[in-house]
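# Got a sequence here, can you model it:
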Amino acid sequence: MATPPDNRMIIAIGAGLAVVAAVVLALIFGAGREQPTEAPPASKGGLTVDLAEAQSLEPTRELRCFVNGQFVGMATLTDCAQRNGLATDALDVGFDASGSLTAAPTASLAPPPALPPTDLAEVVPPVVTDEPTTGQPAPQPAATGGFCQRYTGSEWRSVSNSMSLNACVQALYAGTCVRPGDAQYGRWNDLTLRLVPGRVEQSNDNSRFRTLVEQNRSCAIPEVG
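Residues are numbered from 1 along each chain as shown. A predicted model of the protein is given here:
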């Protein structure tokens, strides 16, 4: 007759199998929780700068610098301003036609053109009208009227020979914006007009300009005067 198995032996074998199973499970889950020794991809990539405004430029970031309309090399915004003898916030910063970040004094990439002939009749022929039959003198243009001209290409072209300053500014620049560093020029009587980013300027000597009127972001210009 067979002897019944010892219950204590069965319990010991079962306990040993449970310990082995626990060790195997610990190794599996422990390996899954291991941290990678390699740095994450984001930490290895270069810093991407989202340039929303010139004020966000890092002090050490270099950009194309222009002085007197000439490219003088790469420089930080502060260095470029010093080369131009201006404060940092006096520079226009933006992307040029090649997509490169550029800094330049206002309109330095488009210096004033030579003035039109002093005899405006050479540019705009006088309007000839028949003498009135009533004997009354011919009506004269309003005192605020004047010659309005636009510089385009490489020459001055007439817009009107009797137009107010406001009408001239609107005819020249309303709805038009220019890129940083660029400018558009015009004339009203003896004033040189210049459209630069954010404003229209005026000059009595075709050299020193001052603000005439501000321009909003939609390129509209308020009434002048």
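# which residues of this protein score low on pLDDT?
1-12, 14-21, 23-56, 97, 118-144 (pLDDT under 70).
# got the buried residues for the longest strand seen in it?
Assignment by DSSP state E gives strand 155-163 as the longest strand of the chain. Buried residues in strand 155-163, counted by 16 or more other Cβ atoms under 10 Å: 156, 159-161, 163. In this view, the C-beta of every residue, glycine as well, is placed from N, C-alpha and C.
# how's this protein carved up into domains?
Per the record's domain assignment (automatic domain parsing), the chain is made up of the domains 60-105, 110-126+143-225.
# Ok, which of those domains comes nearest residue 22?
domain 60-105 (57.2 Å; Cβ to Cβ).
# Can you add distance to residue 13 and give the domains of the chain back as CSV?
Output for the domains of the chain, formatted as CSV (distance: least, Cβ to Cβ, whole Å):
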stretch, distance to residue 13
domain 60-105, 72
domain 110-126+143-225, 84
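# Which residue, other than its chain neighbours, is closest to residue 198?
residue 215 (5.6 Å; Cβ to Cβ, 6 or more residues apart in numbering).
# just checking, that neighbour touches residue 184?
No. Residue 215 sits out of contact with residue 184 when judged by Cβ atoms under 8 Å, with a separation of 11.5 Å.
# which other helices and strands contact the helix or strand residue 185 falls within?
Using DSSP states H and E, residue 185 sits in strand 184-188. Using 3 or more Cβ pairs under 8 Å, 6 or more residues apart in numbering; DSSP states H and E as the contact criterion, the elements in contact with strand 184-188 are strand 146-152, strand 155-163, helix 165-173, strand 191-196.
# okay, these, which one's buried deepest?
Highest mean neighbour count among the helices and strands packed on strand 184-188 (mean count of other Cβ atoms under 10 Å): strand 191-196, with a mean of 23.
# Can I get it in PDB? Just the C-alpha atoms.
Presented in PDB, the C-alpha positions along strand 191-196 are these (Å, rounded to 0.1, in the frame of the first residue of the first chain):
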ATOM      1  CA  LEU A 191       8.500 120.100 -48.600                       C
ATOM      2  CA  THR A 192      10.000 116.700 -49.100                       C
ATOM      3  CA  LEU A 193       7.600 114.000 -47.900                       C
ATOM      4  CA  ARG A 194       8.800 110.600 -46.800                       C
ATOM      5  CA  LEU A 195       6.800 107.500 -45.900                       C
ATOM      6  CA  VAL A 196       8.700 105.200 -43.400                       C
END
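# Show me what that strand is packed against.
Strand 191-196 is packed against helix 165-173, strand 184-188, strand 199-203, with contacts defined by 3+ Cβ pairs under 8 Å, 6+ apart.
# Could I get the full set of helices for the chain?
Under the criterion DSSP state H, the chain contains helices at 7-32, 41-44, 77-84, 165-173.
# thinking again about what came up before, what is the orientation angle of the strand holding residue 185 with helix 165-173?
Between the direction of strand 184-188 and that of helix 165-173, the angle (axes from the mean of the first three to the mean of the last three Cα atoms, to 10 degrees) works out to 150 degrees.
# State the paired neighbours of strand 184-188 in the sheet, together with their directions.
Strands flanking strand 184-188 in the sheet, each with its direction: strand 146-152 (antiparallel), strand 191-196 (antiparallel) (DSSP bridges).
# Show me the contact partners of the shortest one.
Contacts made with strand 191-196 from outside it, assessed by Cβ atoms under 8 Å, 6 or more residues apart in numbering, are listed as 92, 106-107, 112, 115, 165, 168-169, 172-173, 176, 178, 182-187, 200-204, 206, 209, 212, 215.
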